[in-house]
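*Asks:* please work out how this folds:
(one chain, ligands or ions: 1)
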Amino acid sequence: MSAEPPYVVFGPNGKGPGVGKDTWENLLAVPEFTVSLVCEEDGPAMNASSQAFPAGVSEFEACGIARLPGHLVKPPRVASAKAALECRVYQSVALPRLADGRENRVVIGEVVGIYIADEVIHDGRVDERLLQPLTRLGYMNYGTLGTVFELNRPG
Ligand SMILES: Cc1cc2nc3c(=O)[nH]c(=O)nc-3n(C[C@H](O)[C@H](O)[C@H](O)COP(=O)(O)O)c2cc1C
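*Replies:* Predicted coordinates for the structure are as follows:
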């Protein structure tokens, strides 16, 4: 969202009445996070990391995912990710509570750092074909990059 500076938005859901998923509870302790782009080869690791581990368990360790330290924020990023964002929480919005007391949230993060692997930059631009991003579709479906084409905006 926006551009100078850029912002990114994600939605950590509630875990139980008055308790958010670990990602939200972690943000209360350290209001910083990283976003690692999932490429085709990292799909299985991404999916494994969505298991409901206890709060004290690191998904990096439990799923054998290598990490690298953040440059500008405390949380690490996924070492194999070809692109990642380093973010500081700008604001969060609590959505109306569910009937069971859970509170889902929307978190807006200011992007303070952007990492892009040199290997996916071609002629000064990110080449999506080199990135090979995994795309999330509906249900449990995912896709890989199909044809890439340019569509210039009118006016
Ligand atoms: C593709 C994908 C998308 C997901 N999107 C969300 C989401 O938007 N919000 C959410 O709370 N959980 C989402 N999840 C589920 C979380 O990954 C899962 O609940 C995880 O255990 C939360 O970890 P935490 O408790 O360490 O924060 C998603 C999982 C997958 C595989």
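*Asks:* find the residue at the geometric middle of this protein.
*Replies:* For the chain, the residue nearest the mean C-alpha position is residue 35 (3.3 Å; CA atoms, centre = their mean).
*Asks:* tell me the contacts of it?
*Replies:* 8, 10, 84-85, 87, 109 (CB atoms under 8 Å, 6 or more residues apart in numbering). (Each C-beta comes from the backbone N, C-alpha and C, glycine too.)
*Asks:* show me the two of those that sit farthest apart.
*Replies:* The span of the contacts of residue 35, defined through CB to CB, is set by 10 and 84 at 13.7 Å.
*Asks:* specify which residue of those two has the higher count of neighbours.
*Replies:* residue 84 (21 against 13; other CB atoms under 10 Å).
*Asks:* get me the contact residues on the chain for the ligand.
*Replies:* Neighbours of the ligand within the chain, by CB under 6 Å from any ligand atom: 11-13, 21-23, 47, 50-52, 136.
*Asks:* mind listing what's buried in stretch 52-62?
*Replies:* Neighbour-count burial for stretch 52-62 flags residue 59 (criterion: 16 or more other CB atoms under 10 Å).
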